[in-house]
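A.B. asks: what follows is a predicted structure for the sequence shown.
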Amino acid sequence: MANPADEFRIVSPAIDHEGKLPRQYTQEGQGAKKNISPPLEWYNVPEGTKTLALVVQDIDAPDRDGPIVPWTHWVVVNIPPAIKGLPEGFSGKGEEVGGEYAGIKEGNNDWKIPGWRGPKLPSHGHRFEFKLYALDDEVRLGNKVTRDKLLEAIEGHVLGEALLMAIF
């Protein structure tokens, strides 16, 4: 039996013990404390990982025409495996942050814009899935990165997945 402490995992110091996503990470925050990408940390990246990719989705998003179709809030690719997380407010500032973060690329969310976009919901209680993929190869997706293109490109290259759930 593997020790849970050794598991590949993703956490956010901003998400409280009840698993709630605080308002400043949503479109319902106040003023500048609004739509900020949440801080994330990860541990025990699998051996042989060349790059990490992150997909954040509302897995309870209702389609206007019926079925529940996950709604993508954030896609991030080319995260170096040596870094241990993304700081709060990282989205849109990768170049400013620079250094080891410089090569990270943000893809388009389901609003068709790059970067993090927090939820604004008619009803609360939706589950947000932060899924981090450890990949054995760089992801080359051209200029327009989307969740679908990413998931297609990484097929057969996933060494591990880490999952964090939050509620909004």
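C.D. replies: That came through, no problem.

A.B. asks: which ones are touching the residue lying closest to Gly29 once chain neighbours are set aside?
C.D. replies: Using C-beta to C-beta, 6 or more residues apart in numbering and skipping the chain neighbours, the partner closest in space to Gly29 is Arg23 (4.6 Å). Bear in mind the C-beta positions are built from the backbone N, C-alpha and C, glycine included. Each residue near Arg23 by C-beta atoms under 8 Å, 6 or more residues apart in numbering is listed here: 29-30, 33-34.

A.B. asks: most widely separated two among the residues you listed?
C.D. replies: Within those, Gln30 and Lys34 form the most distant pair, 6.4 Å apart (C-beta to C-beta).

A.B. asks: and these two? Which one has more around it.
C.D. replies: Remark: of Gln30 and Lys34, Lys34 carries more neighbours, 15 against 8, as counted by other C-beta atoms under 10 Å.

A.B. asks: quick one: secondary structure of the nearest residue to Lys131 once chain neighbours are set aside?
C.D. replies: Nearest residue to Lys131, sequence neighbours excluded (C-beta to C-beta, 6+ apart): Val55, at 5.1 Å. The local conformation at Val55, judged by DSSP: H, G, I helix; E, B strand; the rest coil, is strand.

A.B. asks: sketch out the low-pLDDT regions of the protein for me.
C.D. replies: The chain contains residues with pLDDT under 70 at 1-4, 63-64.

A.B. asks: the helices in it, which residues?
C.D. replies: 94-97, 147-153 (DSSP state H).

A.B. asks: can you count the residues close to Gly98?
C.D. replies: Gly98 has 9 neighbouring residues, counting by other C-beta under 10 Å.

A.B. asks: tell me how far Asn44 lies from Val97.
C.D. replies: 24 Å (C-beta to C-beta, to the nearest Å).

A.B. asks: er, Asp58 I mean
C.D. replies: 26 Å.

A.B. asks: the strands in this structure, which residues?
C.D. replies: Using DSSP state E, the strands assigned to the chain run over residues 9-11, 40-43, 51-58, 71-79, 85-86, 105-106, 127-135, 158-167.

A.B. asks: want to try JSON lines for those, with distance to Glu152 and mean neighbour count as columns?
C.D. replies: Formatted as JSON lines, the strands of the chain follow (distance: least, C-beta to C-beta, whole Å; neighbours: other C-beta atoms under 10 Å):
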{"stretch": "strand 9-11", "distance to Glu152": "22", "mean neighbour count": "17"}
{"stretch": "strand 40-43", "distance to Glu152": "23", "mean neighbour count": "19"}
{"stretch": "strand 51-58", "distance to Glu152": "12", "mean neighbour count": "23"}
{"stretch": "strand 71-79", "distance to Glu152": "13", "mean neighbour count": "24"}
{"stretch": "strand 85-86", "distance to Glu152": "24", "mean neighbour count": "21"}
{"stretch": "strand 105-106", "distance to Glu152": "16", "mean neighbour count": "19"}
{"stretch": "strand 127-135", "distance to Glu152": "13", "mean neighbour count": "22"}
{"stretch": "strand 158-167", "distance to Glu152": "12", "mean neighbour count": "17"}
